[in-house]
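# Sequence first, predicted coordinates after that:
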Amino acid sequence: MSATSYIATWFYKESAQDASYYPQTGQRGDSELTHSIYMQIQVPFFTTFRHYNPESRLLFFTNAQRLPAYLEALFTRLQVEVIRLPYLCMPPEGWYKAWRNQFYLYDMLRYMEGHMADSDTLLVCDADCLCRHPLAPLFREVEAGGCALYEQATDPSEPLNGINLKQMEELFADCYGQMPSASLSYYGGEFIALRGDAVAKVNKAYQPLWQYNLQRFREGLPKLNEEALFFSVLAEHLHLRNNIANRYVKRMWTTPRFNNVHPGDEQLAVWHLPYEKKRGLYRLYRRLTHKPDIDDEADFWQKASRYTGIPHVTLSKRLYDRIITLYQKAAAR
């Protein structure tokens with residue numbers, strides 16, 4: 001029996017009681033604008049991932065009991081499985097200024113352990129991504145080696161959401177009683193691919209590190225504030241370290257002040273587009289509501305490139321971005 005490949009993304013709907021700040025939307029997690037943005041970006045995400053991965057099982061994890069009608073229709077058409085999970089791994093109140101919802105990843109992994117064979121593969125991917133090419137080569141590498149991780153930072157002094165890698169190495173040594181085997185890397189949480197047996201190992205190692213992390217919180221010590229920092233320590237502890245995913249994905253910033261996109265990046269299998277949630281991905285959402293199929297790949301990616309600025313941001317895109325931003329600000333009032 002051949003292994004199954006799973007592709008999953010998620011949205012945790014925050015309430016006024018547990019809301020944290022979302023820097024990329026400029027809103028709290030309980031705002032209607034944040035909810036609508038995250039619902040809309042599911043459309044280009046699942047449309048592109050299904051188009052290039054027809055054999056994979058697509059999963060959408062959420063605590064939301066009701067989804068927009070357009071999303072329900074899309075999920076039916078693309079055979080996306082909706083899995084409703086409560087958030088049991090939520091950090092306590094006062095944890096950190098942003099991203100309190102990110103530890104939902106570990107609730108997802110707990111669920112998947114009970115639904116995957118050891119040789120199955122799972123990609124957990126942020127929803128502000130587009131799939132440009134089939135991911136079968138990635139899944140083969142994960143099946144052979146256990147994981148594929150996206151290495152984002154290796155500078156030991158670089159600040160990473162409240163901590164740096166040098167401090168994380170000290171935390172690792174204090175928690176596990178030994179130094180890391182090599183200098184730690186920061187693995188981006190937007191793209192984590194694991195084999196089924198590796199999922200089980202992560203789940204087993206989660207609780208001891210989580211209790212240690214909570215104790216540091218109580219003592220006011222530097223801690224692992226978000227899920228990717230936490231996973232980066234687990235990856236070293238479990239000997240799951242590599243940068244295989246760097247050949248498949250890139251976090252592409254397209255802001256007026258910072259742009260790290262280079263010609264050739266458009267050929268990567270997955271574009272991660274944090275700045276485009278309210279901009280290029282919104283425009284793709286609008287296009288796909290009128291023309292839901294990718295029946296002409298060249299035309300679709302020409303538009304996707306123009307809307308998102310990959311690999312070049314044009315003046316017309318900047319003008320459209322400004323118009324969209326003003327419209328969304330007015331709608332949020």
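Thanks, I have the structure now. Numbers count the residues shown, from 1 in each chain.

# Going by C-alpha atoms from here, please, whenever you check contacts or count neighbours.
Fine.

# Assign residue 61 to helix, strand or coil.
At residue 61, secondary structure determined by DSSP: H, G, I helix; E, B strand; the rest coil is strand.

# So which residues of the protein form helices?
Remark: helices assigned in the chain by DSSP state H are 32-40, 42-52, 69-78, 104-113, 136-145, 165-176, 196-219, 227-237, 280-290, 297-308, 315-332.

# what residues does the second one touch?
So the one you mean is helix 42-52. Applying CA atoms under 8 Å, 6 or more residues apart in numbering, the contact partners of helix 42-52 are 56, 58, 71, 74, 78, 80, 127-135, 281, 284-285, 288, 292-294.

# can you rerun that using 7 Å?
When contacts are taken as CA atoms under 7 Å, 6 or more residues apart in numbering, the neighbours of helix 42-52 outside the stretch itself are 78, 127, 128, 129, 130, 131, 133, 134, 281, 284, 285.

# wait, which of the helices of the chain is closest to residue 158?
With CA to CA as the measure, helix 165-176 is the member of the helices of the chain nearest residue 158 (7.2 Å).

# So which residues make contact with the closest one?
By CA under 7 Å, 6+ apart, the list of residues contacting helix 165-176 from outside reads 156, 157, 179, 180, 184, 212, 233.

# Tell me what angle it forms with helix 196-219.
Between helix 165-176 and helix 196-219, the angle formed by their directions is 100 degrees, by axes from the mean of the first three to the mean of the last three CA atoms, to 10 degrees.

# Can you give the distance of helix 165-176 from its chain's centre?
Once both centres are worked out by CA atoms, centre = their mean, to the nearest Å, helix 165-176 turns out to sit 25 Å from its chain's centre.

# and the lengthiest strand in the chain, average pLDDT?
Secondary structure of the chain read by DSSP state E shows that its longest strand is strand 186-195. Over the span of strand 186-195, the pLDDT mean works out to 98.

# Check stretch 133-152 too.
On average, the pLDDT along stretch 133-152 is 98.

# Kindly check the end-to-end length of it for me.
22 Å (CA to CA, to the nearest Å).

# Quick check: residue 281 touching residue 39?
No: no contact is recorded between residue 281 and residue 39 when judged using CA atoms under 7 Å, the distance being 11.2 Å.

# What separation is there between residue 190 and residue 77?
Using CA to CA, we find residue 190 at a distance of 25 Å from residue 77.

# the more surrounded of the two?
residue 190 (21 against 10; other CA atoms under 10 Å).

# Surely the more buried one touches residue 128?
No: applying CA under 7 Å as the test, residue 190 and residue 128 come out as separate, 8.9 Å apart.

# coming back round to it: so residue 281 and residue 39 - more neighbours on which side?
Neighbours were counted for residue 281 and for residue 39 using other CA under 10 Å; residue 281 has more, 27 against 18.

# per-residue confidence for that one?
98.

# Tally up the residues packed near the nearest residue to it once chain neighbours are set aside, please.
Using CA to CA, 6 or more residues apart in numbering and skipping the chain neighbours, the partner closest in space to residue 281 is residue 41 (6.1 Å). Close neighbours of residue 41, defined as other CA under 10 Å, add up to 23.

# surely residue 41 meets residue 128?
Yes: counting by CA under 7 Å, a contact exists between residue 41 and residue 128, whose distance comes to 6.2 Å.

# Next one: residue 100 from residue 276, what distance?
The spacing between residue 100 and residue 276, counted by CA to CA, is 22 Å.

# Tell me which of the helices of the chain lies nearest to residue 5.
Distance to residue 5, taken as CA to CA, is lowest for helix 136-145 among those, at 6.9 Å.

# Can you tell me which of the contacts of helix 42-52 has the most neighbours?
Within the contacts of helix 42-52, residue 129 tops the neighbour count with 29 neighbours, counted by other CA under 10 Å.
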